[in-house]
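# make a model of this:
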Amino acid sequence: MLANIYENGKKKVEKYWPDINEDRDFDGIRVQYVSTEVFANYEFRVFNVCKKNVQRKIEQLHFTSWPDHGVPLYSQSLVPFLQKILKIPNKSNSPVVVHCRMAAGEGSIDFLANLENIRSQRANMVDNVDQYKLAHLVVLECLFGMHTSIPCNEHMDKDIEALLQSNVIKAQLKYLADTEWQDKAMDTTWDVEEVPINTDKDRFVDIVPEQQHQIYLARYPLQDGRSSYINAIQVDGFRNPGRYIVTQQPMPNTLGDFWRLVAERKSTLIISLNEINQDDEQLCPGTDMNFKPDVKDEYILVAWGKWKTKP
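Residues are numbered from 1 along each chain as shown. Sure, this is the predicted structure:
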C-alpha cells in the first residue's frame, strides 16, 4: 500500500481493515487485525481473514511516507520497505496486490529495459523525471546501501543504545556524507518562485536555503518581491512531514520577517539553539535573545498585512 488514509487533512482512500485487536465484516469476509510493526517510513500489519470455514493470514506492508505530490525525497526511505517485501515468503506463488491512491504514479516504479514494456500495459507509469531518477537511486541503494532501520517497539531504546556504543553511527554518518550527491540529484524539477537576491537577509552568505525546502512569506507590501524571502527551510519530523522550521538567529533587519514567519505558520513554540554573544554587532539591540521584548508585559509591533501582531 502506497497511500495514506489522510493527506493534508483530507481523506484520500478508504481504510479497508479494522483497528488493532478488532475485527470487521466486509460482505461476508471477516477481517481481524492481529499485529503490527511500526517503522519510520512504513508499517507491517498481519490480518486473519475468514470466509465461511476458510481462514488465511494476510500480511500488509503500508509505506506511510509517500507525499501527496511528487516523490519521497530520499531513496533510503524506500529501500527498507522493499527489502521487507522481498523477505516475505510466498509459498503458494499467489499474486501480490499493489495499490496506491490512483492506481498509477506511486505504484509504478520501474525503469530501463522494463519501462517501455510496463508503459505499454498501463498508462502513466513513471510519468515524470522525479520518478525516473528515484527509481535508479532506489536500485542503487538496494545494491550498495547500509541497513539502518530500527523497529519502533519495546526494544528500540536498547537497540539505539547498542548503536551508540559501537562504531555503526560513525559509519552511517560517513555514508550520509558520501551519498549527499543523491539528495542533490533529487532536487525538484518543479517551478519555484523567483525571489530577488537577498544577501543582506542572510547572516552567512554560504548558508542559504535550498529551493526544494525553502519557505516563502506572504509579500508585504505586495509590490515588494524581496519581502517574501526568509532564510528558513522545512524539516521533516518522525512520520510528520514539515514538522520543523529551521531558520537563522534573526538580525536587526529581519526581525519583522521572523515574527511574520511565526504568525503565518501559526507556530506556538520557538527553540533557540544559539549561544548569545553580546559582542556580535548583528544581534538586535536591547535584548539578550534579540527577537523578544526587553521585559515582561512589553510587546513588539510587527506589520503583517492589515494587522499588527503582538508576540
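# surely K15 and Y6 touch.
No: K15 is beyond contact range of Y6, at 9.7 Å (criterion: CB atoms under 8 Å). Where you see a C-beta, it was placed from the backbone N, CA and C, and this is true even at glycine.
# now the helices: where do they sit in the chain?
Along the chain, counting by DSSP state H, helices occupy 79-87, 113-121, 129-144, 156-164, 168-178, 180-185, 255-264.
# ranking these by burial, who's on top?
Greatest average neighbour count among these goes to helix 255-264 (a mean of 19), per mean count of other CB atoms under 10 Å.
# quick check, distance from that helix to the centre of its chain.
23 Å (CA atoms, centre = their mean, to the nearest Å).
# what packs against that helix?
strand 229-237, strand 240-247, strand 302-304, strand 307-309 (3 or more CB pairs under 8 Å, 6 or more residues apart in numbering; DSSP states H and E).
# before we move on, the earlier item: looking at the helices of the chain, which is nearest to Y42?
Nearest to Y42 among the helices of the chain is helix 79-87 (4.6 Å), distances taken as CB to CB.
# tell me who's in contact with K12.
3-6, 68, 101 (CB atoms under 8 Å, 6 or more residues apart in numbering).
# for G237, state which of those is nearest.
Nearest to G237 among the contacts of K12, with distances taken as CB to CB, is N4, at 15.5 Å.
# contacting residues for that closest one?
12-13, 64, 66.
# which of these has the weakest pLDDT?
Among those, W66 has the lowest pLDDT, at 82.
# is that residue in contact with P72, as I believe?
Yes: judged on CB under 8 Å, W66 makes contact with P72 at a distance of 6.1 Å.
# in terms of neighbours, single out the busier of the two.
Higher neighbour count among W66 and P72: W66, with 24 against 20, using other CB atoms under 10 Å.
# now do the more buried one against V129, distance only.
17 Å (CB to CB, to the nearest Å).
# neighbours of the residue nearest to I118 when sequence neighbours are not counted, just the number please.
Closest residue to I118 apart from its sequence neighbours, by CB to CB, 6 or more residues apart in numbering: M125 at 4.9 Å. Close neighbours of M125, defined as other CB under 10 Å, add up to 21.
# for R219, same thing?
Neighbours around R219, by other CB under 10 Å: 15.
# distance-wise, check it relative to R226.
R219 is 9 Å from R226, by CB to CB.
# swap in I215?
I215 is 15 Å from R226, by CB to CB.
# so these two - more neighbours on which side?
The neighbour count for I215 versus R226, taken as other CB under 10 Å, is higher for I215 (19 against 12).
# would you confirm that the more buried one contacts A232?
Yes: counting by CB under 8 Å, I215 does reach A232; the two are 4.5 Å apart.
# intersection of neighbour lists for these two?
Counting by CB under 8 Å, 6+ apart, the residues touching both I215 and A232 are 209, 245, 261.
# can you check the pLDDT for L143?
So, for L143, pLDDT stands at 72.
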